[in-house]
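[1] 3D model of this:
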Amino acid sequence: MSIAESVTDTKDSEGEFANHHPVDNAKPLTDRNWTIVKPILLAFLEECKAHRLKLERRTIYTNRYLLVQHVFDMHHQKNRGTVLPPIGDFILASDGINRLIWNDPDCEVLGSEFSKTPCVKMPRIAKDWIQKNVKELLRRVPKNGLPVFKCTECAEVLWIPRAFVHSCCTELWSSESLGYDPRAAEYVKAMFKLSGARGLDELELLDPLLECLDCGCGAKGRLFTMWARVTILGRQSGIHSMQDLQSYARILDRSHEEVLQARSRVLPSS
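    Below you'll find the predicted structure:
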């Protein structure tokens, strides 16, 4: 790009130069005045050139990032049942992908590299990332405790692997907002007994529907809600939410027949 193009493409470049005091005057341009104006002009042109290069490089880096993100999103669409790290963690975890994005902007990177490299590295990166963060979360759980956590930002109750795809942690994943929640852990244990699930994975697979037996929220007819929604403390938009562990205990303390009856309301008949 020529100097003239650099100056022209710079926002308000003509005004910036013309407003310099030695330039913005009605005096004729003599040799003496030129010696004053020349260094100002040269410095201004260098600034224009540097600014233009900065914009060009930013555009190149942004386009490379968007290519990686496109491949990442396509892989995620095809593997919806697979837990993947957020794209920020994915890029930071791979030197190869970092090089693809931040390589010398004057060196052209083939589009095929953006399709091939992320897909090849994704499974290993995802496996290592999950193992590392599972260990980090489990360190917060007391001995014999159930690994159930609560987000301090939105109060949603989470467990592994849901904690890895929680919306409050999806740019660069961080466990800072996740804390072990003993009350929620007790609730999940109650759900194990009601649904017959033997673990969190099985409970998620069953995904039981709960019917409120003594709801006071004023809803007409029978009120149902997903079991995971009940773990969110408080009421949202008038939707009933169990928020007192005593209510869970009342269900569990009933006679065997009543427990079976409650369970029939939780699980759809086969």
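[2] where in the protein is pLDDT low?
    1-27, 29, 109-112, 114, 170, 212-223, 230-270 (pLDDT under 70).
[3] packing partners of the helix or strand encompassing residue 46?
    Using DSSP states H and E, residue 46 maps to helix 31-78. Helices and strands touching helix 31-78, as assessed by 3 or more CB pairs under 8 Å, 6 or more residues apart in numbering; DSSP states H and E, comprise helix 3-9, helix 13-18, helix 87-92, helix 95-102, helix 111-138. Yep, even glycine has a C-beta here, placed from its N, CA and C like the rest.
[4] try 6 Å
    Counting contacts by 3 or more CB pairs under 6 Å, 6 or more residues apart in numbering; DSSP states H and E, helix 31-78 packs against helix 3-9, helix 111-138.
[5] want to throw the ones you listed into TSV with mean neighbour count and distance to residue 98?
    Conversion of the helices and strands packed on helix 31-78 to TSV gives the following (neighbours: other CB atoms under 10 Å; distance: least, CB to CB, whole Å):
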stretch	mean neighbour count	distance to residue 98
helix 3-9	14	30
helix 111-138	15	11
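[6] buried set for stretch 154-172?
    For stretch 154-172, burial by neighbour count (16 or more other CB atoms under 10 Å) applies to 156, 157, 158, 159, 160, 161, 162, 163, 164, 166, 169.
[7] now do it: everything it contacts.
    By CB atoms under 6 Å, 6 or more residues apart in numbering, the surrounding residues in contact with stretch 154-172 are 83, 86, 88, 134, 147-151, 153, 177-178, 184, 200, 231-233.
[8] of those residues, which belong to strands?
    Of the positions in those, 148, 149, 150, 151, 178 sit in strands, assigned by DSSP state E.
[9] can you mark which positions in stretch 41-51 are buried?
    So, applying 16+ other CB under 10 Å, buried residues of stretch 41-51: 44, 45, 47, 48, 49.
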